[in-house]
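>>> mind folding the following:
(chains A, B and C)
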Amino acid sequence: MDFTLDKKHEMARSLFRDFAQNEVKPLAQEIDEEERFPRETIEKMAKNGFLGITVPREYGGQGCDELTYVLCMEEIAKVCGTTAVALSAHTSLCIDPIMSFGTEEQKQKYIPKLASGEYLGAFGLTEPGAGTDAQGQQTKAVLDENTHEWVLNGSKCFITNGSEADVYIIIAVTGTIEKRGRKMKEISAFIVEKGTPGFTFGTKEHKMGIRGSATYELIFQDCRIPEGNLLGQKGKGFNIAMHTLDGGRIGIATQALGLAEGALDLTVAYTKERKQFGRSISQFQNTQFKLADMKARTDAAQLLVYKAAMAKDAVGFTTQSTYSVEAAEAKLFAAETASAVTSECVQLHGGYGYIREYDVERMMRDAKITEIYEGTSEVMRMVISGSMLRG
Amino acid sequence: MSLEDYKGVFIYAQQVDNHIDNIAFELLGEATELAKPLNTQVTAVLIGSGVKGLAEELGWYGADRVIVVDDPELKEYRTEPYAQALAGVINEFKPEIMLVGATAIGRDLGPTVSARVHTGLTADCTSLAIGDFPIEPKPGVETLHNQLLMTRPAFGGNTIATIACPDNRPQMSTVRPGVMQKLAPDKSRKAEVIDYNPGIKENNKFVEIKEVVKKVSETVDIQKAKILVSGGRGVGSPENFKILEDLAKVIGGEVSCSRAVVDSGWKPKDLQVGQTGKTVRPKIYFAIGISGAIQHVAGMEESDLIIAINKDESAPIFDVADIGIVGDLNKVVPKLTEDIKAELAKKA
Amino acid sequence: MRIIVCIKQVPDTAGGVKFKPDGTLDRAAMLAIMNPDDKAGLEAALRIKDAYPGTTVDVITMGLPKADAVLREAMAMGADKSYLVTDRPLGGADTWATSSTIAAAIREMGDYDIIFTGRQAIDGDTAQVGPQIAEHLGIPVISYAQDVKVDPEKKTVTVQRQFDDRYHVLEAKMPVLITALSELNEPRYMTPMGIWDAIDAPVTDSNDADYAEKYKEILASDGKGVIIWHRKDIPTLKDEDMGLKGSPTKIAKASDKVRKGAGTIYKDLDPDQGAATICQALVEKHYI
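Take a look at the predicted model:
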């Protein structure tokens, strides 16, 4: 077992760190304050290949691996949680399901543009009445046999990259099936492009954190898409969604990890500078012990995150869920670490930590969502314990 | 040919548009000092087209001789013809020491010429002296006397090195402008003027000047400024920043400020120094009416020279200041501007 | 067109400076980066490559074996082949010996149209090596380049060359050496793909048994590659022109800058005295 990064990943990390420091960090406060989507940063990431890190070169991507993508997420999240989640939704929730479940035609049509950043991606599962509970889905897709089009009706909410993205993976009900004598909704997945008639954006959400992230309601009113935009097999939509979220959770776990690391770095620097009672607060044992606890916990989160990434790398793009538990453990632990660490970092900053100009204030707000989206911590516990108690 | 055949301290008398650059006079002042222990002459090398009339002035500032290379090819500065001229002079007159200003021209001409005449060149010197090499006697190593010891900063000013050029002649150095003292001009001094043209030959290294464009002023980037005049809440009002601007103008610096000033809307955020603003490292940082909160100090403490003016003697800025004046900035700053103006007038 | 870019690995001066007992720099003890001006030269070359497909951009550095890191970085940004010139007898070189060595190595690299170097390195700040390489190669130099345009048909470059108060627009015939300022451009980032290719690039060392064959292979391929050369690979370089021995300048003394002591605070001066005190200090320290 080797806990060091190889040369490629080490060099990639230095690239992502430079980029995050120079291009992402300067905007972090502003986009939070203005609740503005960092379009210019997305364009810069696109130019440098960051939107297609895991995509094979034959589809116009960088041909690197999940761990490389995780390093990118980590360095960006260290300075800006908003920018990180935009990258995560694009890569894990849109590119990944098309690469894993898409036909060759779908891959040829969408992946090069997603990898180059010409298209930004998003994923729509959540509805007002349905989050992780897929059976609550209300959005319907009906095949019009005459025109060979799917007709979508319904709405999705809390969609990351909503209105900014060009390509959306949409989960919808396509009928009913009988399973062990019970009538259940048949769920399928679709690729929907922005600009399709009948596809509009509703409310933009105003959030506690990741305020620059575009969180929108998606509305479908007789929205017609080609029959060929069904992603994967009809009726496999729930599996596709769950599999996609397994990957997404690695992204969010990394976002959480980066937030904890970023806040901790700032706090170490601050406690060395800040003087109280004639000495720097880093000289107080209370500070030292808190820093030590946070460091150990954050490093543990990093190991879980890297382990999950490597579990995904072991199988690449696949329809099989082989890393659900690793992803859930990483997300559970990293998200709760992020919340605890950023909150403690604010505490160590004292009054300044509560002021908007200090980054830890934003990081604490950004951290909370990592315990909630793409499966709450409670759902992560269900996934982990379920695998322990199965069989 | 032995090293002893090389004699005299030479300076390159840079001229642009047939005006002698100030650096030439500074080099003459320094060359005069160096020539004393060597008991030798100071020679200025004047290169250009129609520049002979400038030779007289070089005499006033200390040149015993002026070698003039006058050629139509030398009208505007270009590396190759100027290198031919200066290398030609060196080969013909064999100076012991050749000083060139570390200007944009000197730092182009110097390296080319030193490579051509096969000698060392020490760049951007801030201090020159005549002494022994090695400086301290070393067993088994012959101590050479009357060597030019060239001192220069390196590593972005983090280190200082003293360099010698014991086995090659001339000992060449480019000298940072504004460091050496020029002599008071003595109009009774007459330099011997020697015309010399090694023959400027066009070759593949000649470049063609398509256009000459005088530069327009640039936008302010406080991180690039060498001198910052920074104001805090103590300045009192946006209008009162005028006295800081006057000082900045006289001393060739830019105005920056503390966070309090930005928050009050007196100055734009671009000009803010500190943890939530920009980190700066100028040669001189004036902290005027700035109390010196840690968040501000973190952004400027690496400055070479910190000068604080504040009426509150317990202001933390005085903990990091090299020079601190406890007093009313409204009185001290305008007076300082006047004093500097007078000082500069004296030198001009 | 073929462009050669000279790059140097330098200690990051922000990270603190360390010396060996003999007064020379302890480069091994400091963080190493690609010299910023050199990076601007590389970016200028890569932009020409972007604009004129078919152009190759090769890089060369002289230094310790660990200078390999800046070659990988250059390739990750888009450079093609890279050459590392490393050998003990080449060490301790001043600008004269460094430029002689690099010029001689460039002669071994074959034909070229443009050479880019940085204006100066942040460790030495001399700005000498670029012009001196040009001098040793007998080609024109344009230093302090602000803007570079090429005409591949006419084989000329048009460069804005900065002076203190003006710039010249100069035209020179290729081959030509241009020294770049970091203000010239904003160097691109590496790409993740570039990094993977740079790390995977084949390496050949002239001391290897299969060197001749492998070197040929690398030159023939479209991909990247690292070539490691030693003293023996630069036959036109004379012993007396290289390394410490071939350096006309010698270090007499080197030291950390003297740390500034505690400042002086004047509490009881009237405004005139206060101003005079500051002004006097500025004069004494040669700031004015």
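>>> max-length helix in the chain?
Just so you know, I chose chain A. The helix that spans the most residues within chain A, counting by DSSP state H, is helix A:237-273.
>>> I was after chain B.
Longest helix in chain B by number of residues (criterion: DSSP H): helix B:329-347.
>>> can you give me the buried ones in it?
Neighbour-count burial for helix B:329-347 flags B:329-341, B:343 (criterion: 16 or more other CB atoms under 10 Å in any protein chain shown). For the C-beta atoms, the positions are set from N, CA and C on the backbone; glycine is no exception.
>>> of all those residues, which two lie farthest apart?
B:330 and B:343 (21.4 Å; CB to CB).
>>> residue A:321 is in contact with residue A:311, correct?
No: taking contacts as CB atoms under 8 Å, residue A:311 lies outside contact range of residue A:321: 10.7 Å.
>>> give me the more crowded residue out of these two.
For residue A:311 versus residue A:321, neighbours defined as other CB atoms under 10 Å in any protein chain shown are more numerous around residue A:311 (19 against 16).
>>> secondary structure class for the more buried one?
What DSSP: H, G, I helix; E, B strand; the rest coil gives for residue A:311 is helix.
>>> straight-line length of stretch A:156-167, end to end?
14 Å (CA to CA, to the nearest Å).
>>> dump the residue contacts of the residue of the stretch 1-150 of chain A found nearest chain B.
Residue nearest to chain B within the stretch 1-150 of chain A: residue A:29 (8.6 Å; CB to the nearest CB). Each residue near residue A:29 by CB atoms under 8 Å, 6 or more residues apart in numbering or on different chains is listed here: A:356, A:357, A:359, A:362.
>>> just give me the neighbour total for residue 246.
Answering for chain A, as no chain was given. Neighbour number of residue A:246 under other CB under 10 Å is 26.
>>> my question was about chain C, not that one.
Using other CB under 10 Å, the number of residues around residue C:246 comes to 21.
>>> tell me the confidence at residue 147?
By default, I'm working from chain A. pLDDT, residue A:147: 97.
>>> to clarify, I was referring to chain C.
Predicted confidence (pLDDT) for residue C:147: 88.
>>> so how many other residues sit close to it?
Residue C:147 has 14 nearby residues by other CB under 10 Å.
>>> cool, and residue A:275?
13.
>>> contacting residues for it?
Residue A:275 neighbours (CB under 8 Å, 6+ apart): A:281, B:294.
>>> buried residues in the helix or strand harbouring residue C:57?
If you go by DSSP states H and E, residue C:57 is part of strand C:56-62. Neighbour-count burial for strand C:56-62, counted by 16+ other CB under 10 Å, picks out C:57, C:58, C:59, C:60, C:61, C:62.
>>> quick one: those as CSV, columns for distance to residue B:206 and pLDDT too.
Below are the buried residues of strand C:56-62 laid out as CSV (distance: CB to CB, whole Å; pLDDT from 0 to 100):
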residue, distance to residue B:206, pLDDT
C:57, 27, 98
C:58, 27, 98
C:59, 28, 98
C:60, 26, 98
C:61, 30, 97
C:62, 29, 96
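>>> which ones among those residues come in contact with chain B?
Contacts with chain B are made by none of these, judged by CB under 8 Å from any CB of the partner chain.
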